[in-house]
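In: Fold the following for me, if possible:
(one chain, ligands or ions: 2)
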Amino acid sequence: MLKKRRLQPSSFTRLRLAVVQQRPRLAIALGDPAGIGPEVILKALAHGSLDCGVTIFGHRSLLTDCYQQLIDQGAQDCIDPERLMIVDVGESISAHWGQPTVETGAASFCYAKTAIERTLAGEFDAVVTGPIAKSVWKQAGHHYAGQTELLAECARVERFGMMFVARSPHTQWQLRALLATTHIPLAEVPRQLTPGLLSLKLDLLLNCLKDNFGLTAPRIAIAGLNPHSGEQGQLGREEIDWIIPWLEEMRSQHPQITLDGPIPPDTMWVKPGQAWYGPGIDAPHDAYLALYHDQGLIPVKLMAFDRAVNTTIGLPFVRTSPDHGTAFDIAGQGIADATSMRAAIELAIELTAHRQN
Ligand SMILES: NC(=O)c1ccc[n+]([C@@H]2O[C@H](COP(=O)([O-])OP(=O)(O)OC[C@H]3O[C@@H](n4cnc5c(N)ncnc54)[C@H](O)[C@@H]3O)[C@@H](O)[C@H]2O)c1
Ligand SMILES: N[C@H](C(=O)O)[C@H](O)COP(=O)(O)O
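Out: Ligands and ions are numbered 1, 2, ... in the order given. Reported below is the predicted structural model:
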């Protein structure tokens, strides 16, 4: 009996495999089918070649229906789903643009969870999440503050952060803003903000800037909580009582970094705004730490709503997401801007490549 000899891959095959393995493998979750997720995904993937593998987690029927509607609306810039690798998650559902239901919420949860689990199993390097509606998840029985918390739960991490990254089309300057607190009521912010929380977020930020952006001595701006950072205690005492002492402690622990703050939250965004819009103006900081959701996202979305990317730091894999939501008010009209989804895909490729090197 001839002994079967395992064919050793030739050096060319090994090289080809190595090259193929180097290409980032992206799992894209469709988002809520009643929203603009399917539309911006089909548009984003049509914007020229991408050096990555893409698998969409949703349902082919939803993308085919969306594609047909876009074509009927005269769209030129959307990819034919026939050209895409699509994993059908669950049964096909009927979705009507702008009309989220428990069914679309449940489906979007399963799309995200399946993409995450297959990534944790090592099949993908990054997850790009299409937009979901938190309230619709809740109606479907999924009580998460957002996709970030689902990702952290699946990955079994307790130290994670929500960071927004955007590159200016005017100056190519890159804006990076981390939120110390996110989806909590404003009234909860002062109570949830503690030295321990800020230390955790600063630690995540420093690791992210080093590992993902090659910044080993970053300059970081940290916002105050109160107007005018409390005006020496006249407008609130958090800065005097603990934020300033905490900052002084952090400076002694991290002598290699620049830690400016607590900067008055209104004027902290003046220089990044100038660096975003005005060529030749160097922002004095590499990253911004905002203390709560809208303190960071009002300026970020004012500057970069069309292209900012939400990335979750602290996970064992890359995760990005467009900075917009389901846009139920325009879903189905063919007018959604896919720039942020495209930027989310490109940032996932960039951050994955950094991790591989
Ligand atoms: N990435 C995400 O999963 C994500 C992000 C933000 C909000 N949300 C969720 O989405 C739901 C709706 O949130 P919202 O209304 O506050 O914000 P939204 O971003 O969905 O919409 C805000 C406004 O911007 C417009 N808009 C949004 N994306 C657009 C695009 N790509 N092109 C053109 N116009 C666009 C919408 O038409 C709307 O007028 C909420 O449940 C929210 O929690 C999800
Ligand atoms: N705060 C985010 C934004 O405005 O883009 C958004 O709600 C996303 O949150 P999750 O990725 O946690 O769903």
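
In: The stretch 151-300 of the chain: helices as residue ranges?
Out: Using DSSP state H, counting those that start in this stretch, the helices of the stretch 151-300 of the chain run over 189-192, 195-213, 238, 244-253, 270-277, 293-304.

In: As CSV, the ones you listed with mean neighbour count, distance to Ser61 and mean pLDDT would be great.
Out: Yep, even glycine has a C-beta here, placed from its N, CA and C like the rest. Shown next, in CSV, are those (neighbours: other CB atoms under 10 Å; distance: least, CB to CB, whole Å; pLDDT from 0 to 100):
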stretch, mean neighbour count, distance to Ser61, mean pLDDT
helix 189-192, 14, 42, 98
helix 195-213, 18, 36, 97
helix 238, 19, 52, 98
helix 244-253, 14, 52, 98
helix 270-277, 18, 41, 96
helix 293-304, 19, 33, 98
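
In: Show me how the chain divides into domains.
Out: 22-157+315-357, 160-314 (automatic domain parsing).

In: about what we covered before: if we compare the helices of the stretch 151-300 of the chain, which one ends up closest to Ala133?
Out: Closest approach to Ala133 among these is made by helix 293-304 (16.4 Å; CB to CB).

In: I would like the residues contacting stretch 91-105, please.
Out: Applying CB atoms under 8 Å, 6 or more residues apart in numbering, the contact partners of stretch 91-105 are 32-35, 59, 61-62, 107, 132-133, 136-140, 142, 326, 328-333.

In: Any residue of that stretch touching ligand 2?
Out: No. Using CB under 6 Å from any ligand atom, stretch 91-105 never reaches ligand 2; the gap is at least 12.7 Å.

In: Format the CA atom coordinates belonging to that stretch as CSV.
Out: Extracted C-alpha coordinates of stretch 91-105, given in CSV (Å, rounded to 0.1, in the frame of the first residue of the first chain):
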residue,chain,number,x,y,z
GLU,A,91,-34.4,33.2,9.2
SER,A,92,-35.1,35.8,6.6
ILE,A,93,-37.2,38.6,8.1
SER,A,94,-39.4,41.3,6.6
ALA,A,95,-38.2,44.7,7.3
HIS,A,96,-39.7,48.0,6.3
TRP,A,97,-37.4,51.1,6.1
GLY,A,98,-37.8,53.4,9.0
GLN,A,99,-40.1,51.0,10.8
PRO,A,100,-38.1,49.1,13.5
THR,A,101,-39.8,46.3,15.2
VAL,A,102,-39.0,43.7,17.9
GLU,A,103,-38.1,41.4,14.9
THR,A,104,-35.6,43.9,13.4
GLY,A,105,-34.1,44.5,16.8
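
In: count of residues packed around Glu123?
Out: Applying other CB atoms under 10 Å, we find 12 other residues in the vicinity of Glu123.

In: got a list of what it touches?
Out: 25, 27.

In: What values do phi and psi take at it?
Out: With angles defined as degrees, to the nearest 10, Glu123 sits at phi -80, psi -20.

In: got the residues of the stretch 151-300 of the chain near ligand 1?
Out: Residues of the stretch 151-300 of the chain found near ligand 1 (CB under 6 Å from any ligand atom): none.

In: those strands in this protein, which residues are they?
Out: 25-29, 53-58, 85-88, 126-129, 161-167, 174-179, 219-223, 258-263, 287-290, 309-313, 318-322 (DSSP state E).

In: roughly how far is the fifth one from the heart of the chain?
Out: What it means is strand 161-167. How far strand 161-167 lies from its chain's middle: 6 Å, per CA atoms, centre = their mean, to the nearest Å.
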